[in-house]
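Trainee: 3D, please:
(one chain, ligands or ions: 2)
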Amino acid sequence: MVPVDNATIVERLEAFAALLDVSGAGYYTSRAYRRAAETIRETKAPISQLVASGRVEDLRGIGPGIAARLRELVETGRIAELDELERGVQPELVGLGRFLGIGPKRMVEIGTALGVRTAEEFRAAARAGRLTSVPGIGPQTEQRILTAFERERRPQKRGLLLNRARALVEEIADALDAEIAGDPRRWADTSYELAVVRAAARPKAVLDAFERLPVIVAVAERSARRALGVSVDGVPVEVIVAEPRRLGTELVRATGTRAYVDALEPLPDGTDEAAVYATLGIPWCPPELREQPFRGEPPPLVELADVRGDLHCHTTWSDGKASVLEMATAARDLGYEYIAVCDHTQNVRVVPGLDADDLRRQGEEIAAANEELAPFRVLRGTEVDIRRDGELDLPDDVLAELDWVQLSLHAGQREHGDTLTRKVTEAMRHPAVSCLSHPKGRIINHRPPNALHLERVFEVALETGVALETNGLPDRLDLSGAEVRLAVEARVPIVASTDAHSIRGLGNMRLAIATARRGWATAADVVNTRPLAELALKS
Ligand SMILES: [Zn+2]
Ligand SMILES: [Zn+2]
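Mentor: Ligands and ions are numbered 1, 2, ... in the order given. Prediction:
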């Protein structure tokens, strides 16, 4: 038998995770498979050999359950449960269900009860009044579903995370040779609507191609120059086919928020955006700023190319997947001048944390990496927890040795605003602290922002010189764009960081910078656009 290669294993585990999501398994179950896939993607040794020699559980994040699935896959070439899920799940119905606000499992149940497998059949059954024949569906639910069909552009409760939204809309735009628009073009934290715009004299071929895309599970509406489909993630996707002389017009209209666009209407015809803005007599506006009505001169926003380093990342010393040298080499290859290694301290508990001894030993490894990579510079840092008692989770003498200290609160996010603010601002006064990480503590779609009083934090930041982070993890983006804007107005310096836990994670800098741009930040507002010599290093 041909041995199963790592790429195939990654692909199968990711499919498994997606189907677990769709079948309504818990978030943590599917996440475990995604993490395992990520680990294997970065593992050089053939997994089939590790399985054969019984060593696969040595890999990070691979427990007995996943190991058993890997053994099955390597030995038989398939995972029986995955095949079963693939047979049972009807992605088109599930996509439509998300659009209607019905959970995946329930949607499949309803589909089975109605004897329908496609979105079209489901709609027909609903319109024929058959929904109430399904156990558990009363007239009220029926009405809710029928109304939802009429209000097809109703926003979902949960938006699509920015990294996924960008990937999806970029894929669709590429396939149709179109321009991206909608929420992800503004780099919104979450997307409720994706859109692409394409110029074509004859729209039919474009709309047909759109309907055939594998990521579009159902088309809800279609007219001469426009179609509205539902993506595999359950988020509506609109395709607009503009007459060539109006491409710019439709692009402006499909990009800004309703409030932004309404304030510019009536929009003149234009083959591109520049022409539209020129006719309006106002400067072109970067998509990130098209949230609120605005006709003025935009500031020169910070750009990805301005970034000279990443000041918050993790390594295998805590919960990262790459070594100090690997992370640093990757950062150097991105054209950076520096990277700060900021692994967790012990208080964080859910992942391995470093104590004083560990940090000193890590210091030796960092010194060696610096020798190898000079003039590139690896900074000795930490992501130090604020403990329950308000103290920092490392002794002062160790903190004093470090170049860059990220201050973090990982527990107690639900505390009262006054208590929380007092605790955080007091910790910010420690002389070793450089930057406050993910200040609002939100996890998008999972945990709301904490009650920290930002105005008070800004005051203390200005007094102490502590910067505030905008964290580029797609489910954090914290500070948010609107909060960055408040900080920038208060003249508080911002650090755009990735909080990378792998080499690939360094790529989230584009999300951090986009969020800073949504906060109207210029390069001067962003600390890590400065050369190394101008960083306020602590040691
Ligand atoms: Zn953190
Ligand atoms: Zn971190």
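Trainee: what parts of the stretch 251-400 of the chain come near ligand 2?
Mentor: residue 383 (C-beta under 5 Å from the ion). Every residue, glycine included, has its C-beta placed from N, CA and C.
Trainee: for ligand 2, give me its nearest residue in the stretch 251-400 of the chain.
Mentor: Closest to ligand 2 within the stretch 251-400 of the chain is residue 383: 4.5 Å, counting by C-beta to the ion.
Trainee: now that residue: which helix or strand?
Mentor: Element membership for residue 383, per DSSP states H and E: strand 377-385.
Trainee: next secondary structure element downstream of that strand?
Mentor: Strand 377-385 is succeeded, C-terminally, by helix 396-401 (DSSP H and E).
Trainee: helices or strands next to the very next helix or strand once past that following helix in the packing?
Mentor: The C-terminal neighbour of helix 396-401 among helices and strands, as given by DSSP H and E, is strand 404-408. Judged by 3 or more C-beta pairs under 8 Å, 6 or more residues apart in numbering; DSSP states H and E, strand 404-408 is in contact with strand 309-313, strand 377-385, helix 417-428, strand 435-436.
Trainee: mean confidence for strand 404-408?
Mentor: The predicted model assigns strand 404-408 a mean pLDDT of 98.
Trainee: now it, how far from the chain's geometric center?
Mentor: 22 Å (C-alpha atoms, centre = their mean, to the nearest Å).
Trainee: now it and strand 309-313, what's the angle there?
Mentor: Calculated by axes from the mean of the first three to the mean of the last three C-alpha atoms, to 10 degrees, strand 404-408 forms an angle of 50 degrees with strand 309-313.
Trainee: near ligand 2, anything from strand 404-408?
Mentor: No: if you take C-beta under 5 Å from the ion as the test, strand 404-408 misses ligand 2, and the best it gets is 6.7 Å.
Trainee: same question for stretch 488-500.
Mentor: Yes: using C-beta under 5 Å from the ion, stretch 488-500 reaches ligand 2 at residue 499.
Trainee: straight-line length of that stretch, end to end?
Mentor: End-to-end distance for stretch 488-500, by C-alpha to C-alpha, to the nearest Å: 24 Å.
Trainee: need phi/psi at residue 60.
Mentor: Taking degrees, to the nearest 10, you get phi -60, psi 130 for the backbone angles of residue 60.
Trainee: what's around it, how many residues?
Mentor: When neighbours are defined as other C-beta atoms under 10 Å, residue 60 has 14 of them.
Trainee: residue 424 now?
Mentor: By other C-beta under 10 Å, neighbour count at residue 424 equals 23.
Trainee: roughly how far does the closest residue to ligand 2 within the stretch 1-150 of the chain sit from residue 78?
Mentor: The nearest approach of the stretch 1-150 of the chain to ligand 2 comes at residue 35, 16.1 Å away (C-beta to the ion). From residue 35 across to residue 78, the span is 22 Å (C-beta to C-beta, to the nearest Å).
Trainee: of those two, who's got more company?
Mentor: The neighbour count for residue 35 versus residue 78, taken as other C-beta under 10 Å, is higher for residue 35 (17 against 12).
Trainee: ok, and the closest non-adjacent residue to the more buried one?
Mentor: What sits nearest to residue 35 in space, not counting adjacent residues and going by C-beta to C-beta, 6 or more residues apart in numbering, is residue 61, at 4.5 Å.
Trainee: from residue 13, how far out is the one you found?
Mentor: Taking C-beta to C-beta, one finds residue 61 at 11 Å from residue 13.
Trainee: the two - which one has more neighbours?
Mentor: Neighbour count, other C-beta under 10 Å: between residue 61 and residue 13, residue 13 has more, with 26 against 17.
Trainee: hmm, back to that, using the three-state scheme, assign the residue nearest to residue 35.
Mentor: Here residue 61 is coil, with the state taken from DSSP: H, G, I helix; E, B strand; the rest coil.
Trainee: quick one: it and residue 36 touch, right?
Mentor: Yes: at 5.4 Å, residue 61 counts as touching residue 36 under the criterion of C-beta atoms under 8 Å.
Trainee: tell me the spacing between the residue most central in space within the chain and ligand 2.
Mentor: Centroid check for the chain by C-alpha atoms, centre = their mean gives residue 474 as the closest residue, at 2.1 Å. Distance of residue 474 to ligand 2, computed by C-beta to the ion, to the nearest Å: 14 Å.
Trainee: what sits opposite the residue of the stretch 251-400 of the chain closest to ligand 2 in the beta ladder?
Mentor: On the basis of DSSP bridges, residue 383 is bridged to residue 344, residue 406.
Trainee: same thing with residue 216?
Mentor: Taking DSSP bridges as the rule, residue 216 bridges to residue 231.
Trainee: and it, how many neighbours does it have?
Mentor: Neighbour tally, residue 216, other C-beta under 10 Å: 20.
Trainee: for residue 370, which non-adjacent residue is closest in space?
Mentor: Per C-beta to C-beta, 6+ apart, closest to residue 370 is residue 378, 5.3 Å.
Trainee: again, but for residue 268
Mentor: residue 279 (4.1 Å).
Trainee: and the one you found, what helix or strand is that in?
Mentor: Per DSSP H and E: helix 273-280 holds residue 279.
Trainee: who's in contact with that helix?
Mentor: Helix 273-280 is contacted by residues 248-249, 251-252, 264, 267-270, 283-285, 295 when judged by C-beta atoms under 8 Å, 6 or more residues apart in numbering.
Trainee: how many neighbouring residues does residue 391 have?
Mentor: With other C-beta under 10 Å as criterion, residue 391 counts 15.
Trainee: gap between it and residue 403?
Mentor: Using C-beta to C-beta, we find residue 391 at a distance of 21 Å from residue 403.
Trainee: what do you get for residue 59?
Mentor: Taking C-beta to C-beta, one finds residue 59 at 32 Å from residue 403.
Trainee: have a look at those two and say which one is more surrounded.
Mentor: Higher neighbour count among residue 59 and residue 403: residue 403, with 21 against 18, using other C-beta under 10 Å.
Trainee: so the spatially closest residue to that one that is not a sequence neighbour bridges to which residues?
Mentor: Spatial nearest neighbour of residue 403, excluding adjacent residues (C-beta to C-beta, 6+ apart): residue 379 at 4.1 Å. In this structure, residue 379 bridges to residue 340 when assessed by DSSP bridges.
Trainee: would you map the strands across the stretch 101-250 of the chain?
Mentor: Counting by DSSP state E, counting those that start in this stretch, the stretch 101-250 of the chain has strands at residues 160-161, 179-181, 190-191, 194-199, 216-223, 226-231, 236-242.
Trainee: weakest of the ones you listed by average pLDDT?
Mentor: Mean pLDDT is lowest for strand 216-223 among the strands of the stretch 101-250 of the chain, at a mean of 83.
Trainee: list the buried residues in that one.
Mentor: Using 16 or more other C-beta atoms under 10 Å as the test for burial, strand 216-223 gives 216, 217, 218, 219, 220.
Trainee: same check on stretch 527-534?
Mentor: For stretch 527-534, burial by neighbour count (16+ other C-beta under 10 Å) applies to 527, 528, 529, 530.
Trainee: ok, residues contacting that stretch?
Mentor: 302, 306-311, 337-338, 377, 435, 467, 493-497, 523, 535.
Trainee: can we see that at 6 Å?
Mentor: 306, 307, 308, 309, 311, 337, 338, 377, 467, 493, 495, 523 (C-beta atoms under 6 Å, 6 or more residues apart in numbering).
Trainee: quick one: which of those residues is nearest to residue 447?
Mentor: residue 495 (22.0 Å; C-beta to C-beta).
Trainee: so who does that closest one touch?
Mentor: 311, 435, 467, 469, 527, 528.
Trainee: and which of the residues you listed is nearest to residue 102?
Mentor: Among these, and counting by C-beta to C-beta, the member closest to residue 102 is residue 469, at 37.8 Å.
Trainee: avg pLDDT for whichever strand or helix holds the closest one?
Mentor: According to DSSP H and E, residue 469 maps onto strand 467-471. For strand 467-471, mean pLDDT rounds to 98.
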